[in-house]
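J.: Turn this into a model:
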Amino acid sequence: MTRPGSRPPARSSAVAAAMSGAVDLSAFKERATAPPPPRNTSGDGAVSAVSGAVIEVTEENFESEVLLKSSQVPVIVNIGGRAYEPSVVFTEVLESLAARAGGKWILANVDVDVSPRIAQAFGVQSVPTVVAVAAGQPLADFQGAQPEAQLSQWFDAVLQAVEGKLSGPVSDGDEPVEEVEDPRFVAAETALDEGDLDAAIAAYQMILDAEPNNAEAKSAVRQVKFMARVQGVDPESIAAADADPSNLELQFAAADLEMFAQQPEAAFARLISVVSRTAGDDKAAARTRLLELFELFDPAEPIVIAARRKLASALY
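T.: Okay, here's the model as predicted:
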């Protein structure tokens, strides 16, 4: 999740959460949304955050203030703490940049001592840690305070990565438009939320059978089928595969585990290596499995493009 430009998540939040591996934000959904008291840093009763540009986030309002708003503009989650002076100073820099961003992104401040589970969900190891969230999923992150010039470049990269993929900021004069949920997708996502992967696959497949060009259903079917497959994989498969490179099934299982652990480069490299050193049916099977993993991503994703080039070299 360290670079802008990651693939946009599937329509289903349940699919995205299940596929997110180490970064699972689904635990913060459907919580109460009562906002926390505003942070007062001026000492005179004034709130330092510019209205709308900076928000205070806890576990209770994480869904409404981060996950939902990130469908409009990137939400920059600043995980720090008032007890850490470097974090306090860095937060002031971020708030200043947020005020000047004109609504292109929102700063969400999280106090690690108040909301430790948010820090745990993001795998935070030190503060400050900053994570860009777009469409409900982590897009890019960094640790430690950064110079303002470098921050500006990073924000520009984030905005470029989501250009045309989010709905944009809602102005005060805009009337909120209630999205009508497709009951077919609701049924599929309900099954997924309940852990019934077979029912979810069947529900998504029903949509796809009726609408063969429905990209959302097609992506969901691929992802849920992968989730179902990886559930049956032995957690020790990676070590076993490394010890027995000639065992094709172990290599497939290890690649699935690496993919699920958000290590797509490792999964791709493993299967490309199998393609390069095998022949005949084994080579064809490894290529087919690799192409299946490619389909879990946007075809324009840089890691997929790079892996396809390496696959071409391995084939020829």
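
J.: I'd like the domain boundaries of the protein, if you could list them.
T.: Partitioning the chain according to automatic domain parsing yields domains covering residues 13-162, 183-315.

J.: now the longest one: how far from the chain's centre is it?
T.: What it means is domain 13-162. Between the centre of domain 13-162 and the centre of its chain there are 14 Å (CA atoms, centre = their mean, to the nearest Å).

J.: ditto for the shortest one
T.: Computed by CA atoms, centre = their mean, the chain-centroid distance of domain 183-315 equals 17 Å.

J.: pLDDT weak spots in the protein?
T.: Applying pLDDT under 70 to the predicted model, the residue ranges of the chain that meet it are 1-51, 170-180.

J.: which residues of it fall in strands?
T.: For the chain, the strands identified by DSSP state E occupy 54-57, 75-80, 106-111, 129-134, 137-143, in order along the chain.

J.: got those strands as TSV, with mean neighbour count columns?
T.: (C-beta placed from N, C-alpha, C; glycine too.) TSV is the format used below for those (neighbours: other CB atoms under 10 Å):
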stretch	mean neighbour count
strand 54-57	23
strand 75-80	25
strand 106-111	24
strand 129-134	24
strand 137-143	20
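
J.: Just put the ones you listed in CSV and tack on distance to Ala99.
T.: CSV is the format used below for the strands of the chain (distance: least, CB to CB, whole Å):
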stretch, distance to Ala99
strand 54-57, 7
strand 75-80, 13
strand 106-111, 9
strand 129-134, 16
strand 137-143, 21
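
J.: re earlier: now for the domains of the chain, which one comes closest to Pro169?
T.: The closest of the domains of the chain to Pro169 is domain 13-162. By CB to CB, the value is 4.2 Å.

J.: Out of the domains of the chain, flag the one nearest Gly168.
T.: Minimum separation from Gly168 across the domains of the chain (CB to CB) falls at domain 13-162, 6.1 Å.

J.: follow-up on the earlier one: so for Leu315, which of the strands of the chain sits nearest?
T.: Comparison of the strands of the chain against Leu315 by CB to CB identifies strand 137-143 as nearest, at 32.4 Å.

J.: tell me the angle of that closest one relative to strand 129-134?
T.: Strand 137-143 runs at 160 degrees relative to strand 129-134, counting by axes from the mean of the first three to the mean of the last three CA atoms, to 10 degrees.

J.: To Ser167, which of the strands of the chain lies closest?
T.: Evaluated over those, closeness to Ser167 peaks at strand 129-134, with 11.2 Å, by CB to CB.

J.: Given that closest one, what are its sheet partners and their directions?
T.: Sheet pairing here is set by DSSP bridges, and for strand 129-134 it gives strand 75-80 (antiparallel), strand 137-143 (antiparallel).

J.: Adding distance to Ala279, write those out as TSV.
T.: Compiled in TSV, these are given as follows (distance: least, CB to CB, whole Å):
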stretch	distance to Ala279
strand 75-80	49
strand 137-143	39
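
J.: These: which one's closest to Leu97?
T.: Using CB to CB and comparing these, the one that lies nearest Leu97 is strand 75-80, at 8.9 Å.

J.: what's the offset of stretch 303-316 from the middle of its chain?
T.: Relative to the chain's own centre, stretch 303-316 is displaced by 24 Å; criterion: CA atoms, centre = their mean.

J.: so who does Pro86 touch?
T.: For Pro86, the residues meeting the contact criterion (CB atoms under 8 Å, 6 or more residues apart in numbering) are Pro128, Ala145.

J.: I'd like to know how far Val186 sits from Asp193.
T.: 10 Å (CB to CB, to the nearest Å).

J.: out of those two, which sits in the busier spot?
T.: Higher neighbour count among Val186 and Asp193: Asp193, with 16 against 12, using other CB atoms under 10 Å.

J.: what separates the more buried one from Asp141, distance-wise?
T.: Applying CB to CB, the value for Asp193 to Asp141 is 27 Å.

J.: now swap in Ile303 and tell me
T.: Per CB to CB, Ile303 is found 17 Å from Asp141.
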